[in-house]
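Enquirer: how would this look folded up:
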Amino acid sequence: MTERKQGRRSAEAAEQTKCLILRVAADMFCELGYERVSLRNISEKAGVSHSLIRHHFGSKEKIWQAVSDGMDDFLQSYMVQLVNEMPENTPPNQKIYLFMVRILAFALMNPHPIQMIADAIRQDDDALPLYFLRSEGEFAAIFTQISSEYNQECPETPTDHWESKWQMLLFAHGAVSLTPMMQKTWPAMAENRDKLLINHWELFNTIMANQFGISKEDMIHPEHLSEIVIKMCCPIEELTA
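Expert: Coordinates of the predicted model:
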């Protein structure tokens, strides 16, 4: 019995260590970019030995893939939860509008995924972006379902789910990569990132409302983006908390 308990504790400790490594690596990949991060950097920041990282993952690319997998799984779960939270009688145009503006709110408050995507595309090697794109079918399925419901209800103003996804990516990436320009756009709040993001999000909010025929009364205008972001903890964060 004692041996089984010790074995279970050892397994839990190993899993916590792996998740700590992934959390630290995710932060470093987003802050510095893939090329500037080394296993030694990660080991020093995580406070674990270089050999332990190699034992758990083998290489920097394997760590990057594990981080990518974790983000993929979490984002897919998040989008499903976002759709499930909407009442069944939500009109299709309201449904797609809420989905789009709330997904962008999440992306603006949690920029790691878009930072990882952008950094992967900048690499000379196609391996990283291709690894990201392998799961595009799962993400497309959720967008396709919502778009199909809308197109059936509003055939006179059809939408394309790839274009919707592209619009969201543009706004998500712009806030991360063009922050100085965003500050120039709203100089009075240049030092308040929360307010900058709200203003940036409101531009998208207006576009989506016009695109899907949402009345002013049915639009949402949160004071803080956190009001419309679902509180879901990433498994990596749960295990290292």
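Enquirer: so how far is stretch 201-217 from its chain's centroid?
Expert: Relative to its chain's centre, stretch 201-217 lies at 22 Å (C-alpha atoms, centre = their mean, to the nearest Å).
Enquirer: So which bits of that stretch are buried?
Expert: Using 16 or more other C-beta atoms under 10 Å as the test for burial, stretch 201-217 gives 201, 204-205, 208-209, 211-212, 214. All C-beta atoms are positioned from the backbone trio N, CA, C, and that covers glycine.
Enquirer: Among those residues, which are located in helices?
Expert: Among the buried residues of stretch 201-217, the members falling in helices (DSSP state H) are 201, 204-205, 208-209, 211.
Enquirer: ok, Ser53 - contacts?
Expert: Heads up, residue 53 is Ile, not Ser. Ile53 sits next to 21, 39, 42-43, 46, 63 when contact means C-beta atoms under 8 Å, 6 or more residues apart in numbering.
Enquirer: The same query, at a cut-off of 6 Å, please.
Expert: Shown in contact with Ile53 (C-beta atoms under 6 Å, 6 or more residues apart in numbering): 21, 39, 43.
Enquirer: Tell me the one of these nearest Phe132?
Expert: Nearest to Phe132 among the contacts of Ile53: Ile21, at 20.3 Å, using C-beta to C-beta.
Enquirer: ok, the closest residue in space to that closest one that isn't next to it in sequence to Ala209 distance?
Expert: Take Ile21 and drop its neighbours on the chain: the residue closest to it by C-beta to C-beta, 6 or more residues apart in numbering is Ala46, 5.2 Å away. According to C-beta to C-beta, to the nearest Å, Ala46 and Ala209 sit 44 Å apart.
Enquirer: and Glu191, how many residues sit next to it?
Expert: A count of neighbours around Glu191, defined by other C-beta atoms under 10 Å, yields 9.
Enquirer: Ok, the one 5 residues further on next?
Expert: Leu196 has 19 neighbouring residues, counting by other C-beta under 10 Å.
Enquirer: Hmm, it is touching Met182, no?
Expert: Yes: with contacts counted by C-beta atoms under 6 Å, Leu196 reaches Met182, the gap being 5.5 Å.
Enquirer: Next one, pLDDT for Glu136 please.
Expert: Note for Glu136: predicted pLDDT of 68.
Enquirer: Can you give the distance of stretch 205-219 from its chain's centre?
Expert: Its chain's C-alpha centre and that of stretch 205-219 lie 24 Å apart, by C-alpha atoms, centre = their mean.
Enquirer: quick one, strands of this protein?
Expert: Taking DSSP state E, the chain contains no strands at all.
Enquirer: what residue lies at the spatial centre of it?
Expert: In the chain, the residue lying closest to the centroid (C-alpha atoms, centre = their mean) is Pro113, at 4.3 Å.
Enquirer: Dump stretch 85-98 to PDB, keeping only the CA atoms.
Expert: The C-alpha trace of stretch 85-98 is given here as PDB (Å, rounded to 0.1, in the frame of the first residue of the first chain):
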ATOM      1  CA  GLU A  85     -23.400  28.600 -22.800                       C
ATOM      2  CA  MET A  86     -25.700  30.300 -25.300                       C
ATOM      3  CA  PRO A  87     -29.400  29.600 -24.800                       C
ATOM      4  CA  GLU A  88     -30.800  27.200 -27.400                       C
ATOM      5  CA  ASN A  89     -33.200  29.800 -28.700                       C
ATOM      6  CA  THR A  90     -30.500  32.300 -29.500                       C
ATOM      7  CA  PRO A  91     -31.100  33.600 -33.100                       C
ATOM      8  CA  PRO A  92     -28.300  32.500 -35.500                       C
ATOM      9  CA  ASN A  93     -27.200  36.000 -36.200                       C
ATOM     10  CA  GLN A  94     -26.900  36.800 -32.500                       C
ATOM     11  CA  LYS A  95     -25.100  33.500 -31.900                       C
ATOM     12  CA  ILE A  96     -22.400  34.100 -34.500                       C
ATOM     13  CA  TYR A  97     -22.000  37.700 -33.400                       C
ATOM     14  CA  LEU A  98     -21.500  36.700 -29.700                       C
END
